[in-house]
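Participant: starting from these lines, generate the structure:
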Amino acid sequence: MNCTAVMTFPTTINHQLDGREKHIDPVFKFAYPQTMHMFDFVNATPNMFHSNTWGYGRPDGTFEKSMMKDYQDEIIDIAASAIFILRNRIPYVNFYQKLPTAAAFTFRPPPLSSVKNIYLLPYNPDVWMACAAILVIFFVTFYIITYMEKRMPEIKQKSNTSMTDLDNRLADLVHMDISVMCQQGMEAEPSSLGGRIATYIMLLSTLFLFIAYSANILTLMQSTSDNINNMEALYNSKIKIGVEDVPYSRFLLRAADEPIMQKIYQERIAPPGKPSSYINPLEGVRRIRSEFYAFHAETTVIYKFIEQEFLESEKCGLSEIEYFKVAPCTTCRKTSPYKEIFANGSAYIIKFYNGFSIN
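Facilitator: Residues are numbered from 1 along each chain as shown. Okay, the predicted model is just below:
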């Protein structure tokens, strides 16, 4: 039975079933074992053809030399590589099982301090207003206390000879409020018992506020921003973008119909008159580590190189944005006399690997 396998790397043919180099041609290596099980299911021997592309179609409706060309010419009955569902492929192909693969933009989120004013973040607006209200209350309280002290004969006589007694001038009271809030101490203080008690309460209150603020600011300085969580945020962030150099990435990104994806493709990935951003995965992963850079690739591929290039502490800080919501599927020829057998065999294989028993 004729079958076509798409291999974009020449070394793939040496590692089809041995589990080595899983990051190379992962779409093929996901589908190939299932296809071999399918041949066992129908008791057939594969006559394997090889291609380096899946086939994306010409304006006249034909396909270039590819796996889809073999389907169109009815040369093969089944393919050993998965393929994405496209409108021009549907007349020639039956799609019967999605593969558990995913492609995403992977990047290191920027530090929170680069996108927000972290000095305002430790407290929410309500807490900041409460702090301001406390300062006003302390100001009014100490104004009243110092005003009353100036009218008490024993304190008035003492304040004439002491430089550490707090006066009730507005400038002195404002200076005291700011100094205490910033934990800088007081150069003057009330002389009465009530004034000393009020001073103690103010110092203790501002101490707790200062400790909470300092703890939060230290955490925020080490935090990363989570604002880049969709394609529009990715575009607006001005992050550099790269894409794995494989045929399906070139086609699917170029054919995207969403306006934001068209902007990303035309301005960041393949700008007219400038070098494109298609690179190999190893270079992409190294740039993720060293730059503000997002790299699009199949996750099996990219995390293989991340394991090699990143420290353990760096891996936890990575973020992903998945763009392709459709997974590649295993296929057979729509006019094949074996298509019902392939459909039943596919269902059998799925249930077997999911742990179901079939009577």
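Participant: could you give the mean pLDDT of the strand or helix carrying Tyr71?
Facilitator: Following DSSP states H and E, one finds Tyr71 within helix 67-72. With pLDDT averaged residue by residue, helix 67-72 scores 92.
Participant: contacts for it?
Facilitator: The contact list for helix 67-72, computed with C-beta atoms under 8 Å, 6 or more residues apart in numbering, reads 2, 4, 6, 49, 51, 53-57, 62-63, 76, 79, 81, 83, 89, 92-93, 331, 333. Placement of C-beta: from N, CA and C, glycine included.
Participant: list the helices and strands the helix ranked longest in the chain packs on?
Facilitator: Ranked by residue count, the top helix of the chain under DSSP state H comes out as helix 193-221. Helix 193-221 is packed against helix 125-149, helix 170-181, with contacts defined by 3 or more C-beta pairs under 8 Å, 6 or more residues apart in numbering; DSSP states H and E.
Participant: buried set for that helix?
Facilitator: By neighbour count on 16 or more other C-beta atoms under 10 Å, the buried set for helix 193-221 is Gly195, Ala198, Thr199, Met202, Ser205, Thr206, Leu209, Leu220.
Participant: do the same with stretch 297-315
Facilitator: For stretch 297-315, by 16+ other C-beta under 10 Å, it's Ala297, Glu298, Thr299, Thr300, Val301, Ile302, Tyr303, Lys304, Phe305, Ile306, Phe310.
Participant: repeat for stretch 53-63
Facilitator: Neighbour counts over stretch 53-63 (16+ other C-beta under 10 Å) mark Thr53, Trp54, Gly55, Tyr56, Gly57, Phe63 as buried.
Participant: tally of neighbours for the nearest residue to Phe9 once chain neighbours are set aside?
Facilitator: Residue nearest to Phe9 in three dimensions, not counting chain neighbours: Ile24, with 5.0 Å by C-beta to C-beta, 6 or more residues apart in numbering. For Ile24, the neighbour count with other C-beta atoms under 10 Å is 19.
Participant: and Ile24, that's in a helix?
Facilitator: No: counting by DSSP: H, G, I helix; E, B strand; the rest coil, one finds Ile24 to be coil, located in no helix.
Participant: that one against Thr12, yeah?
Facilitator: Yes: Ile24 lies in contact with Thr12 (C-beta atoms under 8 Å); the separation is 5.9 Å.
Participant: need the helices for this protein, in chain order.
Facilitator: Taking DSSP H, the helices of the chain run over residues 26-42, 67-72, 125-149, 153-159, 170-181, 193-221, 231-236, 247-254, 259-264, 281-290, 299-309, 312-315, 339-353.
Participant: relative to Thr106, which of those is closest?
Facilitator: Comparison of these against Thr106 by C-beta to C-beta identifies helix 299-309 as nearest, at 5.4 Å.
Participant: now do the contacts for the nearest residue to Asn2 once chain neighbours are set aside.
Facilitator: Distances taken as C-beta to C-beta, 6+ apart place Ile76 nearest to Asn2, at 4.3 Å, with adjacent residues excluded. Counting by C-beta under 8 Å, 6+ apart, Ile76 touches Asn2, Cys3, Thr4, Phe49, Met67, Asp70, Arg333.
Participant: pick the one among these closest to Glu149.
Facilitator: Nearest to Glu149 among the contacts of Ile76, with distances taken as C-beta to C-beta, is Met67, at 93.0 Å.
Participant: neighbours around the closest one, how many?
Facilitator: Counted with other C-beta under 10 Å, the neighbours of Met67 add up to 27.
Participant: Ala31 against Phe95, yeah?
Facilitator: No: the pair Ala31 / Phe95 is not scored as a contact, 12.0 Å apart, by C-beta under 8 Å.
Participant: which neighbours do the two share?
Facilitator: In contact with both Ala31 and Phe95: Thr330, using C-beta under 8 Å, 6+ apart.
Participant: what about these two, which has more around it?
Facilitator: Remark: of Ala31 and Phe95, Ala31 carries more neighbours, 25 against 17, as counted by other C-beta under 10 Å.
Participant: returning to that earlier point: filter the contacts of Ile76 down to just the buried residues.
Facilitator: Cys3, Thr4, Phe49, Met67, Asp70, Arg333.
Participant: how about the nearest residue to the first one, chain neighbours excluded?
Facilitator: So the one you mean is Cys3. Pro46 (4.8 Å).
Participant: can you pull the contacts of the one you found?
Facilitator: Met1, Cys3, Thr35, Met36, Phe39, Ala80.
Participant: just name the shakiest helix or strand of the chain by mean pLDDT.
Facilitator: In the chain, no helix or strand scores lower on mean pLDDT, DSSP states H and E than helix 153-159, which sits at a mean of 56.
Participant: Ile269 is nearest to which of the helices and strands packed on helix 193-221?
Facilitator: Of these, nearest to Ile269 by C-beta to C-beta is helix 125-149, at 39.9 Å.
Participant: lovely, talk soon.
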